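Participant: 3D, please:
(chains A and B)
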Number of protein chains: 2
Amino acid sequence: MLNKVVIFGVGLIGGSFARALKAAGAVKHVVGVDRSEAFLSRALELGIIDSAAETGKAVSDPQGQTPAGYRFEEAIAGADLILLAAPVAQTARILASILPHLDASTIVTDAGSTKSDVVAAARAVMGDKVRQFIPGHPIAGRETNGPDAAIIDLYQGKKTVLTPLAENDPAAVERVASAWKACGAIIHTLTPEEHDKVFAAVSHLPHLLAYALVDDIERKPHSDLLFQYAASGFRDFTRIAGSSPEMWRDISLANQAALLTELDAYLAQLTRLRASLAAGDAAALEATYVNAQRARRQWIETIEAAEPPQPKDAAAE
Amino acid sequence: MLNKVVIFGVGLIGGSFARALKAAGAVKHVVGVDRSEAFLSRALELGIIDSAAETGKAVSDPQGQTPAGYRFEEAIAGADLILLAAPVAQTARILASILPHLDASTIVTDAGSTKSDVVAAARAVMGDKVRQFIPGHPIAGRETNGPDAAIIDLYQGKKTVLTPLAENDPAAVERVASAWKACGAIIHTLTPEEHDKVFAAVSHLPHLLAYALVDDIERKPHSDLLFQYAASGFRDFTRIAGSSPEMWRDISLANQAALLTELDAYLAQLTRLRASLAAGDAAALEATYVNAQRARRQWIETIEAAEPPQPKDAAAE
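Facilitator: Residues are numbered from 1 along each chain as shown, chains lettered A, B, ... in the order given. A predicted model of the protein is given here:
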């Protein structure tokens, strides 16, 4: 049982973590921190958080404490676990703001989509205290955001990747893992570098490719005609191009090296396919298409076999 | 009211056309032709077709007529409308087989995903009789196939593109349009060349890109690790890589010139984005992502506004 958990960012990711912990009876008190006062009020109203903390900025206000909750330093002190669920570009700023108030027994983790850059920021800001920081990445999400998007079972049966550091105490890593397991997640462990290579290939590159295609079509003189005939295949292929441009700009740059490697491999692959197409090489085209269809079918079968059945309210039982 | 319609290919596309015409009371008798005896039997059983015709090959059998239906030449003679819903690579062979039995009043149309190659085949095979051939392409489909996949409302509210030829009698074009309208489709008209350019951009290129990505990942030494962490974004992005490799090999080659043009534009776009990423040019990346998100959102809003509500069984009323 965790006595006090502090969540930076009370939207989909942080809010769902809080809801799941509460539903599992794994936490006594959740404190929310957010740049948005509206999000904090709504998270309180929905019972996602038990109290709201003043942000570092608001604490400098002479009025001090808010009616709903803590002064910022009081929120941090004595926390068992702090989750950073704000955009990754804010990681360094948030870590710097909590550092002066951080107890030696408090564990800090995050939910960012990239890990090497987060680890570099944590090392730069926290110094020796980086041993208290266990980087993580829950592989779950939706296109919605804000406290109203937070749900109890977002992480049920989904993977959470932890990328522990050499400095971390194994017991601290286990406590973060336990919290995610209480949310229904399955824990996987990678190094930060492995994590970033894997997600460059299966997530970051597809996002870039989808954005690139829609932008390419939109800039053609006859784009209206083209969009008029785009159908369900196009809709699914480009769904991820509906994601937040700011978030994906940051992820692309945070994972620049791995993403460039994957993009270059893909460009080489397209160049090969182009040559096959130009040569009218039916066998070469078919070999690529057949291999892709077979591999995708096998992947779908594997994930469908691996995903446990998800009864409604399973996490609430 | 059409007296006799002959459908080559009694699967998803042809079978749904037959079902919709029947539901609308727009046809008296549907004859099915298919390479697969099992598909023909099933289509009869399901009431999709009223009789099955021997294929050209089977007609050479001395036993002649099947219990269920027509000899091939009898099926073609006196037909009001013949729909080719078989793979496009079979177009020339099918047209050649029907030509000797084709009445002057019979209209022939098709449902192929490419049009310039179909028109070229029709001109080569049919000669003057190409005036009886009105090329078409219903923009509807699913990943399932066979007679059991055929549904009444597949075309309800969807576009069917006709690409009429200079030789076509406008009244004949109107009869094909009427049949599709009876199925609930909305008629659009393009030239065969316009059609192929449009679908190269919004359908054929995305298929090639999706196949290329899955194949690229599958050939990496650590592909098992990569597939393990692929999630819902990857699933949607690559859904079209689950399509028939043979069908898409044929489409890629049938629309080679237009597809090469689109692929080259996309390669140039990726090369620009690669340079922005390598330079750490956040503004350039963001501009592309923002434009893509905005364009996609606008497209989704437009299609949602344009698509009529689809009550269940609307086509059956």
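
Participant: the worst-scoring helix or strand of chain A on mean pLDDT: what's the following helix or strand?
Facilitator: Ranked by mean pLDDT, DSSP states H and E, the weakest helix or strand in chain A is helix A:56-59, scoring a mean of 40. The first helix or strand that comes after helix A:56-59 along the chain, using DSSP states H and E, is helix A:72-76.

Participant: helix or strand right after that following helix?
Facilitator: Next along from helix A:72-76, by DSSP H and E: strand A:81-84.

Participant: contacting residues around that next one?
Facilitator: Strand A:81-84 has contacts (Cβ atoms under 8 Å, 6 or more residues apart in numbering or on different chains) with A:2, A:4-9, A:14, A:17, A:76, A:90-91, A:94-95, A:98, A:106-112, A:175-176, A:179. Backbone N, C-alpha and C define where each C-beta goes, glycine included.

Participant: of those, which belong to helices?
Facilitator: In helices, judged by DSSP state H, the following of these are found: A:14, A:17, A:76, A:91, A:94-95, A:98, A:175-176, A:179.

Participant: distance between stretch A:102-119 and the chain's centre?
Facilitator: Averaging C-alpha positions (Cα atoms, centre = their mean, to the nearest Å) puts stretch A:102-119 13 Å from its chain's average.

Participant: give me the buried subset of the contacts of strand A:81-84.
Facilitator: Listed as buried from the contacts of strand A:81-84 are A:2, A:4-9, A:14, A:17, A:76, A:90-91, A:94-95, A:98, A:106-112, A:175-176, A:179; burial here means 16 or more other Cβ atoms under 10 Å in any protein chain shown.

Participant: between the ones in helices among the contacts of strand A:81-84, which is closest to A:Gly32?
Facilitator: Distance to A:Gly32 across the ones in helices among the contacts of strand A:81-84 (Cβ to Cβ) is lowest for A:Gly14, with 7.6 Å.

Participant: distance check, that closest one against chain B.
Facilitator: Per Cβ to the nearest Cβ, to the nearest Å, A:Gly14 is found 19 Å from chain B.

Participant: repeat for A:Ala85
Facilitator: Remark: distance between A:Ala85 and chain B (Cβ to the nearest Cβ) = 18 Å.

Participant: try A:Leu2
Facilitator: A:Leu2 sits 27 Å away from chain B, going by Cβ to the nearest Cβ.

Participant: give the contact list for that residue.
Facilitator: A:21, A:26-28, A:80-81, A:179.

Participant: again, but for A:Lys28
Facilitator: Counting by Cβ under 8 Å, 6+ apart, A:Lys28 touches A:1-4.

Participant: show me the domain layout of chain A.
Facilitator: When chain A is parsed with automatic domain parsing, its domains come out as A:2-190, A:195-278.

Participant: the closest residue to A:Lys158 other than its chain neighbours: what secondary structure?
Facilitator: Leaving aside its chain neighbours, A:Lys158 sits nearest to A:Ala140 (4.3 Å; criterion: Cβ to Cβ, 6 or more residues apart in numbering or on different chains). Put simply, A:Ala140 is coil when judged by DSSP: H, G, I helix; E, B strand; the rest coil.

Participant: in terms of contact, does A:Ala140 touch A:Leu154 like I think?
Facilitator: Yes: contact status for A:Ala140 versus A:Leu154: in contact at 5.2 Å, counting by Cβ atoms under 8 Å.

Participant: overlap in contacts, these two.
Facilitator: Common neighbours of A:Ala140 and A:Leu154, using Cβ under 8 Å, 6+ apart, are A:13, A:16.

Participant: need the contact list for the residue of the stretch 1-150 of chain A found nearest chain B.
Facilitator: Closest to chain B within the stretch 1-150 of chain A is A:Ile139: 5.3 Å, counting by Cβ to the nearest Cβ. By Cβ under 8 Å, 6+ apart, the contact list for A:Ile139 reads A:158-161, B:229, B:231.

Participant: next, count neighbours for the spatially closest residue to it that is not a sequence neighbour.
Facilitator: If the residues on either side of it in the chain are set aside, A:Ile139 comes closest to A:Lys159, at 4.4 Å by Cβ to Cβ, 6+ apart. Neighbours of A:Lys159 under the rule other Cβ atoms under 10 Å in any protein chain shown: 18.

Participant: cool, and the one 10 residues further on?
Facilitator: Applying the criterion other Cβ under 10 Å, we find 13 residues in the vicinity of A:Asp169.

Participant: mind listing what's buried along stretch A:110-129?
Facilitator: Neighbour-count burial for stretch A:110-129 [16+ other Cβ under 10 Å]: A:110-119, A:121-122, A:125-126, A:129.

Participant: returning to that earlier point: which of the contacts of A:Ile139 are buried?
Facilitator: Among the contacts of A:Ile139, the ones that count as buried by 16+ other Cβ under 10 Å are A:158-161, B:229, B:231.
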